[in-house]
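>>> Below are the sequence and a predicted model; questions follow.
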Amino acid sequence: MNGAYLLDCVTMRDCDCRPSRYEGEWHRNDPEGHGVVEVEIPVIEPVAGSALEKKMRAQGRIIKRDFMSPEEREWLNKDIEDSYRLSSGYAEIPFYEREEWLQEYEKKPEKGRYRYAGQWKHGQMHGCGVYEVNERIVYVGPWIR
């Protein structure tokens, strides 16, 4: 995930990555000064009994539901049933899973947590900062545009 998309997630411009958070200084609706942004791209969890669950189990993937108590599993199933019922079969594909993403960024992003802590100028990463992906530091240093 590059910095431009991360910024779109902060300012909520043309972005559907809702689990994002920015803490820091603002100037005219843009991040300015020092701030921290976190964006979460969720890992897909299959519905119980679905073809996706069977495929993931055949691949040896770990599913969170296996580690839940029976009561938590029951509540999860109720939440899934409510979601299906309320959506009436409508499902929106996130931007990072669509073809437009591949055309612009060439490959799909790694699922998980993206975090940038550093300086901002005119709504862009600028100056000293640390960029992390899933707790791995990807880049440390100056961002100059």
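Received it, and whenever you're ready, just let me know what you need.
>>> Just name whatever secondary elements whichever helix or strand residue 36 is part of is in contact with.
If you go by DSSP states H and E, residue 36 is part of strand 30-41. With contacts defined as 3 or more Cβ pairs under 8 Å, 6 or more residues apart in numbering; DSSP states H and E, the packing partners of strand 30-41 are helix 3-11, strand 20-27, strand 112-121. C-beta: built from backbone N, CA, C; applies to glycine.
>>> what's the angle between that strand and strand 112-121?
Here strand 30-41 points in a direction 170 degrees away from that of strand 112-121 (axes from the mean of the first three to the mean of the last three Cα atoms, to 10 degrees).
>>> would you put the C-alpha positions of strand 30-41 in PDB?
Provided in PDB are the C-alpha atoms of strand 30-41 (Å, rounded to 0.1, in the frame of the first residue of the first chain):
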ATOM      1  CA  ASP A  30      -5.600  18.000   5.900                       C
ATOM      2  CA  PRO A  31      -3.100  16.400   8.200                       C
ATOM      3  CA  GLU A  32      -0.400  18.900   9.100                       C
ATOM      4  CA  GLY A  33       2.500  18.800  11.500                       C
ATOM      5  CA  HIS A  34       3.000  15.500  13.400                       C
ATOM      6  CA  GLY A  35       0.500  12.700  13.400                       C
ATOM      7  CA  VAL A  36      -0.100   8.900  13.400                       C
ATOM      8  CA  VAL A  37      -2.400   7.100  10.900                       C
ATOM      9  CA  GLU A  38      -3.400   3.500  11.100                       C
ATOM     10  CA  VAL A  39      -5.400   1.600   8.500                       C
ATOM     11  CA  GLU A  40      -6.600  -1.900   8.900                       C
ATOM     12  CA  ILE A  41      -7.200  -4.200   5.900                       C
END
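>>> which non-adjacent residue is nearest the residue nearest to the spatial centre of the chain?
When the chain is reduced to its mean C-alpha position, the nearest residue by Cα atoms, centre = their mean turns out to be residue 41, at 2.0 Å. Excluding the flanking residues, the one nearest residue 41 by Cβ to Cβ, 6 or more residues apart in numbering is residue 111, at 5.1 Å.
>>> That's all I had, so thanks and see you.
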